[in-house]
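>>> From the sequence below, what's the structure:
(4 chains)
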2 protein chains.
Amino acid sequence: MSTHYKGSIREQDVLNTWIKLTRAHDSVGRVLKTNLDSSRITMTQFGVLEILEHLGPQTLKIIGEKILLTSSNLVTVVDNLERDGYVVRTQNPQDRRSIIVSLTGEGKLAIKPIFESHLQELMIAFECLSSDELQILGDLCKKLGHNQNIKEKK
Amino acid sequence: MSTHYKGSIREQDVLNTWIKLTRAHDSVGRVLKTNLDSSRITMTQFGVLEILEHLGPQTLKIIGEKILLTSSNLVTVVDNLERDGYVVRTQNPQDRRSIIVSLTGEGKLAIKPIFESHLQELMIAFECLSSDELQILGDLCKKLGHNQNIKEKK
DNA sequence: ATCGTTTTATTTGATATTTAATTAATGCTA
DNA sequence: TAGCATTAATTAAATATCAAATAAAACGAT
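So this is what the prediction gives:
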């Protein structure tokens, strides 16, 4: 009886924590998305731009791995970014199957204020947490996320 | 100079924590989604079923508030659940505009093993966290999520 | 009581995402 | 080096989601 009782409490705790984690992620995400809407850019597009800004030109394959997107979805996202003049596709001289995506000069200029505004929103979203709390939250999330990746490799 | 420096560190910390939170949420979510795939059910459908299981029959309006979905999307989700025999729509006698969604007997039976398997996956996903860590993570997420909702009301 | 406003659900049209199949290039091996 | 399996990107078709417009019912003020 004791075992079942403990298990049930653990289940409750896990479920509650998962719900709170999801709510937190969703509500911060919603704030960020709303902010991006005014720039006529989607969260997924933003993610791709962020990778290019931080890591420089990358192949579609690498971008897909970083952003955890299916390749076909990535194609349309990059299509749209290219249509809007933010990025450009070029051939990879090392491997002719592979496509390198890079930011255009125009793109870099256009996204700078978007990044800044995005970061500002994020700062406001997290203002309720002290730096200690921020650290702890980050550590626990890292541990949790890492646990899933380990299992995937099994 | 000191002010800018501190701000920059805070920005780094917020950004890193947000990324870790997102990764954790995504990777656990992916595990859960993979698990649901075998039942031919989507995460959104699962969310609706869960609400009905826990709270009993509810109006579309209430379900939409709980699950944070646009009303138009909710209509198609419930359409599909109804098509598959899990739920049924009935008129609300109190308000003829309103539609009440409830689980069918067949639906209750069908989803029971799905819920159990989902909970099991969740237990495994969180097994890396002690009950103290679980509590702390939940509290911090709650604080974070709550901070966004407050601002929305402004 | 009636008109205007609000609420609830739905429809419609546009985007986003996923899955599966396709094309082209590379690497391996025998 | 010829054939086969693998990889990278794309396309096509199905599904999911969102935003805006619509329809029907309820509410509220005068």
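>>> and the residue nearest the centre of chain A, what element?
Nearest residue to the geometric centre of chain A (Cα atoms, centre = their mean): residue A:47, 5.6 Å. Residue A:47 belongs to helix A:43-55 when elements are defined using DSSP states H and E.
>>> is DNA strand D contacted by whatever helix or strand comes next after that helix?
Per DSSP H and E, the first helix or strand lying C-terminal to helix A:43-55 is strand A:58-59. Yes: judged by Cβ under 7 Å from any atom of the strand, strand A:58-59 and DNA strand D are in contact via residue A:59. No exception for glycine: its C-beta is placed from N, CA and C like everyone else's.
>>> chain center to the next helix or strand after strand A:58-59, what's the gap?
Per DSSP H and E, strand A:58-59 leads on to helix A:60-67 as the next helix or strand towards the C-terminus. How far helix A:60-67 lies from its chain's middle: 12 Å, per Cα atoms, centre = their mean, to the nearest Å.
>>> near DNA strand C, anything from the next helix or strand after helix A:60-67?
Scanning forward in sequence from helix A:60-67 by DSSP H and E, the next helix or strand is helix A:71-83. Yes: interface with DNA strand C: helix A:71-83 contributes A:71, A:72, A:73, A:76, A:77, A:80 (Cβ under 7 Å from any atom of the strand).
>>> Of all the residues in helix A:71-83, which ones are buried?
By 16 or more other Cβ atoms under 10 Å in any protein chain shown, the buried positions in helix A:71-83 come out as A:74, A:77, A:78, A:80, A:81.
>>> who are the neighbours in contact with the fourth one?
Shown here is residue A:80, whose contacts under the criterion Cβ atoms under 8 Å, 6 or more residues apart in numbering or on different chains are residue A:45.
>>> circling back to that earlier point, orientation of the helix holding residue A:47 relative to helix A:60-67 in degrees?
110 degrees (axes from the mean of the first three to the mean of the last three Cα atoms, to 10 degrees).
>>> Is there contact, residue-wise, from helix A:43-55 to DNA strand C?
Yes: counting by Cβ under 7 Å from any atom of the strand, DNA strand C is contacted by helix A:43-55 at A:43, A:44, A:45.
>>> Touching stretch A:27-35 from outside, list them.
Here stretch A:27-35 has contacts from A:43, A:117-118, A:121-122, A:125-126, B:18, B:21-22, B:68, B:144-145, B:148-149, B:151, using Cβ under 8 Å, 6+ apart.
>>> quick one: which of the residues you listed is nearest DNA strand D?
Closest approach between those and DNA strand D, by Cβ to the nearest atom of the strand: residue B:68, at 8.0 Å.
>>> Not counting residues beside it along the chain, what's closest to that closest one?
Leaving aside its chain neighbours, residue B:68 sits nearest to residue A:26 (6.3 Å; criterion: Cβ to Cβ, 6 or more residues apart in numbering or on different chains).
>>> starting at the chain centroid, how far to the helix or strand hosting the one you found?
Assigned by DSSP H and E, residue A:26 belongs to helix A:2-37. Here helix A:2-37 is found 18 Å from its chain centre; the criterion is Cα atoms, centre = their mean.
>>> One more: stretch A:90-105?
Worked out by Cα atoms, centre = their mean, stretch A:90-105 lies 22 Å from the chain centre.
>>> Can you tell me what sits against that stretch?
A:48-49, A:52-53, A:56-61, A:63, A:78, A:85-89, A:111.
>>> Quick one, which of the residues you listed are buried?
Buried subset of the contacts of stretch A:90-105 (neighbour count, 16+ other Cβ under 10 Å): A:48, A:49, A:52, A:58, A:59, A:60, A:63, A:78, A:86, A:87, A:88, A:111.
>>> Okay then, goodbye and thanks.
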